[in-house]
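Asks: could you look at this predicted model? Sequence included:
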Amino acid sequence: MSNGYRAGVMRATALAAVLAVFGAPVMADEIFYVSGAVGNAVENFKAYVKPWEEKTGNTVTLVPMPASTTDQFAQYRLWLAAGSTDIDLYQTDVIWAPQLADQFVDLTAAAKDLVPTEFPSIVESQTVGGKLVALPIFTDAPALYYRKDLLDKYKVAVPTTWDELTAAAKTIQDGEKAANPDFWGFVWQGNAYEGLTCDALEWVKSFGGGQIVEADGSISINNPKAVKALETAKGWVGTISPEGVLAYQEEEARGVWQTGNAAFMRNWPYAYGLGNGDDSKVKGLFGVTTLPVGAAGDTSAATLGGWNVAVSKYSKHQDAAVSLALWLAGPEVQKMRALNESNLPTIQSLYDDADIAAKQPIIPQWKNVFLNAVPRPSAPTLTKYSEVSAKFFNAVHETLAGNGSAADNLAALEADLTDLKGDGWK
Ligand code: GLC
């Protein structure tokens with residue numbers, strides 16, 4: 001992480017004085033919120049906090065971070081370990097709660113009216129040892145995006161197995177590439193980062209190969225179905241997917257897709273609204289379905305994602321920070337996020353909201369997908385999760401890049417995870 005990010009969060013000093021309700025002068029707070037972003041999240045954030053700023057007299061500064069959750073986590077862990085008072089609120093990934101729980105304020109009491117409106121499983125994911133570590137702001141579960149017009153043109157059905165997807169992508173790519181050399185069959189997230197953990201967990205799980213580490217803490221990744229899943233994905237690199245997919249995160253995949261250069265894409269719901277934007281070449285041309293399965297009889301797997309807001313224990317503005325967290329997690333902002341960014345709400349009633357259904361139909365359509373989504377093994381591996389994930393995505397990345405076979409790399413991964421298992425792992 002560059003020092004530029006640290007330099008960028010020097011707290012400004014000028015604070016405006018406002019009159020409190022009872023006439024006593026109080027100082028308005030300047031609140032610092034740190035978040036990574038994809039799509040238009042940074043611009044939209046200003047609109048989300050404006051009503052709260054107007055109501056409270058406080059101001060909010062967004063400190064933008066890299067899009068990669070892996071990079072964000074590394075930086076946040078340093079700030080928190082140093083007890084930094086520069087950041088009041090952190091936007092946190094669904095998988096981080098067990099690792100950062102000690103550094104955040106317990107929001108149980110503050111959120112007592114909000115929690116009953118939420119899906120219990122999401123609140124549970126942010127609860128560590130009875131402490132509510134962060135408030136959910138949106139949840140995430142990926143889709144297979146497909147070009148309806150191109151499926152029609154080549155008379156190809158929406159694929160339900162990975163083999164069908166491979167064949168369909170090849171047919172369309174073979175047909176389109178002559179006129180458009182930049183065209184690819186399938187784009188996804190192949191960079192060595194947390195996003196690859198998500199994609200690869202979906203391949204493995206949908207081939208019946210387990211969840212890397214199971215809920216009871218046992219290491220399951222070294223098995224023939226997982227090997228088959230990784231071999232299948234390896235077969236895409238340089239055929240239906242560009243070699244460059246090994247450096248793609250969400251935004252690179254969306255870039256290829258949204259310029260009309262891919263038949264299929266694996267991505268999160270945020271790409272739905274953007275894909276239908278006025279500047280998108282695929283506006284109105286695509287559909288979404290669940291990710292394919294290994295073979296008939298297997299179950300589709302969508303990795304559970306999602307983002308939350310947490311208040312730093314080291315914040316010097318805790319009351320204001322908690323108030324802002326409640327606002328960002330509450331129904332007004334969740335609805336704005338759903339409409340503007342096609343983010344999946346965590347508040348149950350928003351799935352029956354007519355405005356949301358009309359503007360972003362993926363949201364009601366995706367309720368059951370996220371409710372059945374597969375969690376990454378952050379609960380069983382507790383404080384070891386980021387190391388487990390890094391070992392997994394590196395083993396997968398090596399396999400996709402042709403450095404070692406899937407079988408050898410998964411056997412080595414099992415040995416590494418066995419060494420890592422111990423204190424702080426269920
Ligand atoms: C999405 C998910 C998040 C996940 C990330 C991986 O942002 O919401 O949970 O870790 O993608 O790139």
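Replies: Perfect, I can see it now.

Asks: what's the neighbour count on the residue of the stretch 151-300 of the chain found nearest the ligand?
Replies: At 3.1 Å from the ligand, residue 195 is the closest residue in the stretch 151-300 of the chain, using C-beta to the nearest ligand atom. For the C-beta atoms, the positions are set from N, CA and C on the backbone; glycine is no exception. Number of residues near residue 195 (other C-beta atoms under 10 Å) recorded here: 27.

Asks: kindly report the same for residue 418.
Replies: 11.

Asks: now swap in the one 4 residues further on and tell me
Replies: Each residue near residue 422 was counted by other C-beta under 10 Å, and the total is 8.

Asks: nearest residue to the residue of the stretch 151-300 of the chain closest to the ligand in space, please, no chain neighbours.
Replies: residue 189 (3.9 Å; C-beta to C-beta, 6 or more residues apart in numbering).

Asks: residues contacting the one you found?
Replies: Applying C-beta atoms under 8 Å, 6 or more residues apart in numbering, we find residue 189 in contact with 195-196, 198-199, 248-250, 253, 266-267.

Asks: and for residue 46?
Replies: Residue 46 touches residue 62, counting by C-beta under 8 Å, 6+ apart.

Asks: how distant is the helix or strand hosting it from the center of its chain?
Replies: For residue 46, the element it lies in under DSSP states H and E is helix 41-56. Averaging C-alpha positions (C-alpha atoms, centre = their mean, to the nearest Å) puts helix 41-56 22 Å from its chain's average.

Asks: so what's the one residue in the chain that gets nearest to the ligand up against?
Replies: Going by C-beta to the nearest ligand atom, the ligand is nearest to residue 305 of the chain, at 2.7 Å. Contact analysis of residue 305 by C-beta under 8 Å, 6+ apart lists 93-94, 139-142, 198, 268, 373.

Asks: which one (most neighbours) among those residues?
Replies: residue 142 (30 neighbours).

Asks: who's in contact with that residue?
Replies: 198, 202, 266-269, 291, 302-303, 305.

Asks: can you put those in CSV and add pLDDT?
Replies: Output for the contacts of residue 142, formatted as CSV (pLDDT from 0 to 100):
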residue, pLDDT
198, 98
202, 98
266, 99
267, 98
268, 98
269, 98
291, 98
302, 98
303, 98
305, 98
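
Asks: so which of these belong to strands?
Replies: 266-267, 305 (DSSP state E).

Asks: can you redo the residues you listed as CSV with distance to residue 296?
Replies: Listed next are the ones in strands among the contacts of residue 142 as CSV, based on distance: C-beta to C-beta, whole Å:
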residue, distance to residue 296
266, 20
267, 25
305, 27
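
Asks: which of these sits closest to residue 257?
Replies: Closest approach between those and residue 257, by C-beta to C-beta: residue 267, at 7.4 Å.

Asks: beta partners of the closest one?
Replies: Beta bridges link residue 267 to residue 143, judged by DSSP bridges.

Asks: that one: what's it in contact with?
Replies: 142-143, 145, 188-189, 250, 253-254, 257.

Asks: against residue 229, how distant is it?
Replies: 19 Å (C-beta to C-beta, to the nearest Å).

Asks: flag every buried residue along stretch 112-126.
Replies: For stretch 112-126, the neighbour count (16 or more other C-beta atoms under 10 Å) marks 114-115, 117-119, 122-123, 125-126 as buried.

Asks: got the end-to-end distance for it?
Replies: For stretch 112-126, the separation between the terminal residues is 14 Å (C-alpha to C-alpha, to the nearest Å).

Asks: just stretch 122-136 next, same as before
Replies: For stretch 122-136, the separation between the terminal residues is 7 Å (C-alpha to C-alpha).

Asks: is the ligand within reach of it?
Replies: No: Stretch 122-136 does not reach the ligand (C-beta under 6 Å from any ligand atom); its nearest approach is 10.4 Å.

Asks: contacting residues around that stretch?
Replies: 92, 94, 97-98, 100-101, 104, 106-108, 111, 114-115, 118, 139, 304, 306-310, 325-326, 328-329, 346, 375, 379.

Asks: so can I have JSON lines of the contacts of residue 305 showing distance to the ligand?
Replies: Formatted as JSON lines, the contacts of residue 305 follow (distance: C-beta to the nearest ligand atom, whole Å):
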{"residue": "93", "distance to the ligand": "5"}
{"residue": "94", "distance to the ligand": "5"}
{"residue": "139", "distance to the ligand": "8"}
{"residue": "140", "distance to the ligand": "3"}
{"residue": "141", "distance to the ligand": "9"}
{"residue": "142", "distance to the ligand": "8"}
{"residue": "198", "distance to the ligand": "5"}
{"residue": "268", "distance to the ligand": "5"}
{"residue": "373", "distance to the ligand": "10"}
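
Asks: what is the nearest of these to residue 366?
Replies: Once C-beta to C-beta is applied, the member of these that ends up nearest residue 366 is residue 141, at 6.2 Å.

Asks: so the closest one sits against residue 365, correct?
Replies: No: applying C-beta atoms under 8 Å as the test, residue 141 and residue 365 come out as separate, 11.0 Å apart.

Asks: circling back: tell me which element the residue nearest to residue 195 is part of?
Replies: With DSSP H and E as criterion, residue 189 is part of no helix or strand.
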